[in-house]
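Colleague: A predicted structure for the sequence below; I have some questions about it.
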Amino acid sequence: MTTLACPACAGAVQQDDLICFSCGANLPWRGPDDETTPPTIRQEFLRREHGTSPAPTALRCPRCGSSIPDAALLACPLCHGPLPRGTGPISAVVLRLTFPTGNVDVPAGTSLVLGRDPAESLVAAAFADYENVSRRHATLSVNDTGQATIRDEHSTNGTFVNGDRVLPGNDIPLSDGDEVRLAATITGRVSLPPPETEPAPFNSNGWAGPH
C-alpha cells in the first residue's frame, strides 16, 4: 500500500484517504475516474496495540470538523460553534466508513459532515458524481469515548442504516459492520472498534460486580 504525504501538513496518508487524519485537509489527488482498489480498513487504535505511537492529532471542531489553531479558543473560527473543554483523555478509536469512492475516517471527539457541498463537507469529492446526495446530507459523530452516531440533516433523499431510514435530526448509534446508505445509490460500511470503557471498581470481596 502506497503511503503519501499530506500537502498541507506533510503527515502520512494513504492513497485512498479523502482527508488528512492529522490536520483535516481535503486530499486533492484522488479523482472520480481512479480505479485504485480501496485499501484494507485501518484503524488508528491498532497502531498502539502494535507498539507504534500514532501521529499527534490536530484539534478539530466537533461541529464542522475544521482544524482549531489554538487550544485556548472557546469557539470555532469557522462555524463559531462552542468548543468542548473536556479534561478527560480522548479515546484512540477511529470510525472508518468505506465508500466505493474512498474512505472517510472520523477520530473520537470529532464530527464530519457528509454531502456534495465543499463549503459544508471536507469529503465532498466523494459524492461529486451523486446528484441525489444532498449538499449537506448527514453528520457522522464520534464522542470522546469512541461511541459513534449518524444524523440525517434533513436530506432530500434520506439516510439509511442497515436499510432503515433515519429520521431527520435524530442521532442513530452506529456499530462495527453497519451499512450506511446516502439516498439510493451510495453505500458505505462502518468499521468501528468497541468504545473504551473504564474497568469496574472492585468491591469488598475483591471482584468487580454487585455488592
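Modeller: Structure's in. What do you need?

Colleague: excluding chain neighbours, what is closest to residue 160?
Modeller: Spatial nearest neighbour of residue 160, chain neighbours left out: residue 181 (4.2 Å); criterion: CB to CB, 6 or more residues apart in numbering. Yep, even glycine has a C-beta here, placed from its N, CA and C like the rest.

Colleague: OK, contacts around the one you found?
Modeller: Residues near residue 181 by CB atoms under 8 Å, 6 or more residues apart in numbering: 159, 160, 161, 163, 187, 188.

Colleague: wasn't it part of a strand?
Modeller: Yes. Assigned with DSSP: H, G, I helix; E, B strand; the rest coil, residue 181 falls within a strand.

Colleague: if we can go back for a sec, which of the contacts of residue 181 lies closest to residue 16?
Modeller: Checking the contacts of residue 181 against residue 16 by CB to CB gives residue 188 as the nearest, at 12.8 Å.

Colleague: number of nearby residues for that closest one?
Modeller: 22 (other CB atoms under 10 Å).

Colleague: next: residue 177.
Modeller: Per other CB under 10 Å, the neighbour tally for residue 177 reads 10.

Colleague: same check, this time on the one 5 residues further on
Modeller: For residue 182, the count of nearby residues is 27 (other CB under 10 Å).

Colleague: kindly report the same for residue 170.
Modeller: 10.

Colleague: for it, which non-adjacent residue is closest in space?
Modeller: residue 151 (6.5 Å).

Colleague: hang on, that neighbour is in a strand, isn't it?
Modeller: Yes. Per three-state DSSP, residue 151 lies within a strand segment.

Colleague: surely it meets residue 138?
Modeller: Yes. Here residue 151 reaches residue 138: they are 6.3 Å apart, a contact under CB atoms under 8 Å.

Colleague: who has more neighbours, the two?
Modeller: Between residue 151 and residue 138, counted using other CB under 10 Å, the more crowded position is residue 138 (26 against 19).

Colleague: please name the bridge partners of the more buried one.
Modeller: Legend: beta-bridge partners of residue 138 under DSSP bridges are residue 114, residue 152.

Colleague: now the one 10 residues further on
Modeller: On DSSP bridges, the residues paired with residue 148 through beta bridges are residue 142, residue 174.

Colleague: where exactly do the helices run in this structure?
Modeller: Secondary structure of the chain (DSSP state H): helices at 44-49.

Colleague: quick check: pLDDT value at the residue nearest to residue 160.
Modeller: As predicted, residue 181 sits at a pLDDT of 96.

Colleague: from residue 100, how far out is it?
Modeller: Counting by CB to CB, to the nearest Å, the gap from residue 181 to residue 100 is 12 Å.

Colleague: overlap in contacts, those two.
Modeller: Residues touching both residue 181 and residue 100 (CB under 8 Å, 6+ apart) are residue 187.

Colleague: burial count for the nearest residue to residue 69 once chain neighbours are set aside?
Modeller: Closest residue in space to residue 69, ignoring its immediate chain neighbours: residue 77 at 7.3 Å, by CB to CB, 6+ apart. For residue 77, the count of nearby residues is 13 (other CB under 10 Å).

Colleague: please apply the same query to the one 3 residues further on.
Modeller: A count of nearby residues for residue 80, using other CB under 10 Å, gives 10.
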